[in-house]
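> The sequence and its predicted three-dimensional model are supplied below.
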Amino acid sequence: MINTKVYSKDNLEVGEIQLSEDVFSVGIKPQLMHLAVRSHLAAVRSGTAEVKNRAKISGGGRKPWRQKGTGRARAGSGRSPLWRGGAITHGPQPRDYSFKINKKVRRLALKMALSSRLAQEKLKIVDDLDMPEVKTRQFVEMKGKLELKKPLIVTGKKYNNLELSARNVRGAQVVTHDSVNIYDILRHNELVMDKQAVEELQKRLS
């Protein structure tokens, strides 16, 4: 177990918490973390670009002119890709960009991301992150007291006031423990968690 300090929202030390070495002290393998990030980004890619091919475009059933005797090139359809208003050849079609990685690999990569933040001293644990009301100014003040710049805040349960107060603050993001992912952890400068989030993550990843 790793003993780590717990702070209040005023950045005062209020106690300690034990972190599991199976979750927060894992050896870092950059290539595995890179694979997990690629998998996450591919999964959220929309892949909805589409053009109409010969099968999907309307019209073109009638031959524009007879085969011979006009002096013009042969034409079988007014919806040929060669014509204005015609179909598109080899254009993009809706597709799924995601690719599968094993669940154990994904969990291990998440442990590595958490371990890297602890090793870099960019992990801060706060006893309580709830806010009494929706006030962006109060969130900015709390962020300043905790000496945070662009934090990812992970909570043990959903706090609507906290999420609404943080959504207009550039660089800050609030997620619950069950929706945190490796990409969000790595793209933020700091990781902030409340005690309940730590306990839930350790229970899920141990």
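Alright, I've got the coordinates. Numbers count the residues shown, from 1 in each chain.
> and residue 105, how many residues sit next to it?
Around residue 105 there are 14 other residues, counting by other CB atoms under 10 Å. C-betas here are computed from N, CA, C, even on glycine.
> Domain ranges for the chain, per the record?
Following automatic domain parsing, one gets these domains for the chain: 2-28+103-205, 48-96.
> need those domains in CSV with mean pLDDT and distance to residue 37, can you?
Rendered in CSV, the data for the domains of the chain read as follows (pLDDT from 0 to 100; distance: least, CB to CB, whole Å):
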stretch, mean pLDDT, distance to residue 37
domain 2-28+103-205, 93, 5
domain 48-96, 91, 18
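> what about residue 186, neighbour count?
A count of nearby residues for residue 186, using other CB under 10 Å, gives 18.
> correct me, but it touches residue 114?
No: shown here, residue 186 and residue 114 do not form a contact pair, counting by CB atoms under 8 Å, at 10.6 Å.
> contacting residues around the nearest residue to residue 60 once chain neighbours are set aside?
Here the nearest residue to residue 60 in space, its sequence neighbours aside, is residue 79; by CB to CB, 6 or more residues apart in numbering that works out to 3.2 Å. Taking CB atoms under 8 Å, 6 or more residues apart in numbering, we find residue 79 in contact with 54, 57, 58, 59, 60, 85, 86, 87.
> hmm, back to that, I'd like to know which of the domains of the chain lies nearest to residue 41.
Across these, residue 41 has its closest neighbour in domain 2-28+103-205 (6.6 Å, CB to CB).
> got JSON lines for the domains of the chain, with distance to residue 41 too?
Listed next are these as JSON lines, based on distance: least, CB to CB, whole Å:
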{"stretch": "domain 2-28+103-205", "distance to residue 41": "7"}
{"stretch": "domain 48-96", "distance to residue 41": "14"}
